[in-house]
Structures are given as C-alpha cells and as structure tokens.
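In: 3D, please:
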Amino acid sequence: MRSKLGLLAVSWAAVCGAQEGGGAYTAKIRMQMVVYGEVAGAMETVVAVRADGARARVVRPVKEGVGSEMVERSVELPDGFVGTYYPAARVQATGYRTRAMLEAMEKAKLTGESGCTATKESAVKSLRVAGEERMLGVRVVRVVSDTERVRGTHWMAPELGCLAVKREMKYLGASGAVEQVMEETALELRLGEPEAGLFASPEGDEEVEPSEADLRMAKAMGRACPECEKAKGGSKDQLYRSLRRERQF
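Out: Numbers count the residues shown, from 1 in each chain. Next up, the predicted model:
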C-alpha cells in the first residue's frame, strides 16, 4: 500500500511538492486511497514549514499493528541539505541538493499571486480557479485540474505557499468510469513556527544508501522478501550518490 499511495502522490510531485512555503505552519494531513469503492489504505503526514523555508515531513500508516512502525521523517533546509530518517531501523540517508536542483525547484513553485494556478516559471495549463472559501481558519482557493484520465480538485491556501488543505484526485479507467480516488484532508493546521524536534538529526543512526534503508525497514517489519525491497532502490541510490558528492562529509 505504501508504494501505491506513494506513486500516486509522486505523479503530482513536480507541482505540489513545492507547495509548502510562505508562512510558518504545521499541518496534519490524512491521505487515503479508495479503489472501486473500497478503502485500500491510508497514511497520515505531518508537514511542518519554518519561516526560513525549512521543511519537515513525517509519514506513517494510519492502521495500528503490522507496519504501523514504518515511520519516515524527511527534512529539507534552505542550504540544500536533505535528510530522510527511518526510526524503526535506526538508519538515515542524507546529502545536499545541487544549486541547479534548488533553482529548478524554486521555478516550479506554485505562486499565491497567481491563485495557485501557475509556477514561478510558467502557467500550469491544467489548473484553473473555481471558487474561494475558508477552511481551518485560512483562506483557500478551489483549483480544478482536468486531464484525460485524471479529475482533480485542490483547496489551496495562497498565504501558506499554496498548501493543499484538501485534495481529491479521481483516476479514470479506459471506459471513463472512476476506478480509484485519492483523498487528502488536513485534520489539523497550526500557524506559527513548528516544533524544533521535527528538524533535528537523530544521533547514532547509521548513514546508508536508500536501497539499504529499504532493506533494513523491510526486515524490521518482518516482510517475506526484504531483498526484493532493496532491489527496487537503484534509481534512488544514484540520486543519493549525486547528493553526497555536492559537499564533503
């Protein structure tokens, strides 16, 4: 379930991944996947943004029991530092983004001035404003995105860097019928500086490549084929190595 939810979230990463920004805040967001009318799984994400632009994200499955210990915490700092921490396995993968990466991310950010329908570099053709309202005490614009196979509605807060306070993505099959629905809803939203601990680097965790982190997490969870998880991490390892080369450790 983690991979299925993750892939659907990644499909919007180029636009939505840069949404956290603007004012400082902490938001708890629940994401669930509905497949043919049945809830297939759910995750909760805590997103924290500081006034200086630093971001932290903590992801965990909602269901208690097997797999509930699979928590991931990621941190991004203004100087390009990125770190992902896996508490259950006591490992981490850290590095620095290149200047080119940081510039590309800045250009890809949605702007509140555009009504959260354009990036700093260009318009996003599939996005249009369909209304405005208030949710969790902040102003949001309702942005609609329609493509051939995806129908999306996003409630974004311009004053919070176009944070998606709510999102609904409907994925259509070849017949045009809705097959899967991804729903994201902010359960809590607190304005102001986040807790410092969300950005802290844990002491004693071993530095490993992402594929090794996946292997350790799979073992910690008691999965049947931990080596299968490691085999999927080749592309992540390549990116990790490039991030490690940006600065000397």
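In: avg pLDDT for the longest strand anywhere in the chain?
Out: Secondary structure of the chain per DSSP state E: the longest strand is strand 178-191. Strand 178-191 shows a mean pLDDT of 94.
In: in that strand, what's buried?
Out: Neighbour-count burial for strand 178-191, counted by 16 or more other CB atoms under 10 Å, picks out 180-186, 189. For glycine as for every other residue, the C-beta is placed from the backbone atoms N, C-alpha and C.
In: just checking: what are the partner strands of it?
Out: With DSSP bridges as the test, strand 178-191 is paired with strand 25-35 (antiparallel), strand 163-172 (antiparallel).
In: show the subsequent helix or strand relative to the longest one.
Out: The C-terminal neighbour of strand 25-35 among helices and strands, as given by DSSP states H and E, is strand 38-49.
In: so for that next one, what's the average pLDDT?
Out: 89.
In: Gly137 contacts Glu188, correct?
Out: No: with contact defined as CB atoms under 8 Å, Gly137 does not count as touching Glu188 (10.9 Å).
In: three-state assignment of Ala218?
Out: helix (DSSP: H, G, I helix; E, B strand; the rest coil).
In: skip the chain neighbours and tell me the closest residue to it.
Out: Once flanking residues are discounted, Ala218 sits nearest to Pro226: 3.7 Å by CB to CB, 6 or more residues apart in numbering.
In: ok, the one you found - contacts?
Out: The contact partners of Pro226, by CB atoms under 8 Å, 6 or more residues apart in numbering, come to 215, 218-219.
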